[in-house]
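Undergrad: Structure, please.
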Amino acid sequence: MADITDFTHGDDWDREEGKSKTQIKKEMTALQELGEELVSLSAANRAKLPLDAELLDALQLADKLVRKHEALRRHIQFIGRLMRTRDLEPLQRALAVVRNTNQAATRKFHLVEDWRDKLIASNDALTEFVAAYPDVDVQQLRTLIRNAKKEQEKNQPPKAFRELFQLIKPFILEE
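TA: Sure thing, here's the model as predicted:
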């Protein structure tokens, strides 16, 4: 009589690679999570990744399944299965570059927001900003700061607040 621990149903996973079933499941889950991350990327960011035609087609199909949750879940499992046979090292390196680029852009926008808040809060910040970015139109900057302060005092919609952000953004982002 066969022991319950014998896997004689055509599954040689324990003899082939020496991995436990738990380890194999963890690896498959990691591939599915990588697939989910690839699905969530924009087309522009996907273009920066070394994807073969089959995987690229699968990701494009996943874009069409966004509103069909169960179909998308099964398709992400399929994408994970496709990635089992691929060398993931170059893909993961390129994905890390894309992640860092996105994080750097986010940091820059936070810097623009910080400058805007400083300019509204303190008069000394204006001098500091003009010293750091001499090409800025100082008169327009002062007008927007003054109008943004008035908006905040009167609880008005933040029109000048947004315009101030748009004025200083190009100077900070080109650094």
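
Undergrad: Identify each buried residue in the helix or strand encompassing K26, please.
TA: In the assignment (DSSP states H and E), K26 maps to helix 21-40. For helix 21-40, burial by neighbour count (16 or more other Cβ atoms under 10 Å) applies to 31-32, 34-35, 38-39. (Glycine included, C-beta is placed from N, CA and C.)

Undergrad: Please apply the same query to stretch 65-78.
TA: 65, 72, 75-76.

Undergrad: before we move on, what about stretch 39-49?
TA: 39, 41, 45-46, 49.

Undergrad: CA atoms only for stretch 95-104, dumped as PDB, please.
TA: What follows is stretch 95-104, C-alpha atoms only, in PDB (Å, rounded to 0.1, in the frame of the first residue of the first chain):
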ATOM      1  CA  LEU A  95      11.700  47.500 -13.300                       C
ATOM      2  CA  ALA A  96      13.900  48.800 -10.400                       C
ATOM      3  CA  VAL A  97      15.000  51.700 -12.700                       C
ATOM      4  CA  VAL A  98      11.400  52.500 -13.500                       C
ATOM      5  CA  ARG A  99      10.400  52.500  -9.800                       C
ATOM      6  CA  ASN A 100      13.300  54.800  -8.900                       C
ATOM      7  CA  THR A 101      12.400  57.200 -11.800                       C
ATOM      8  CA  ASN A 102       8.800  57.400 -10.500                       C
ATOM      9  CA  GLN A 103      10.100  57.900  -6.900                       C
ATOM     10  CA  ALA A 104      12.500  60.700  -8.000                       C
END
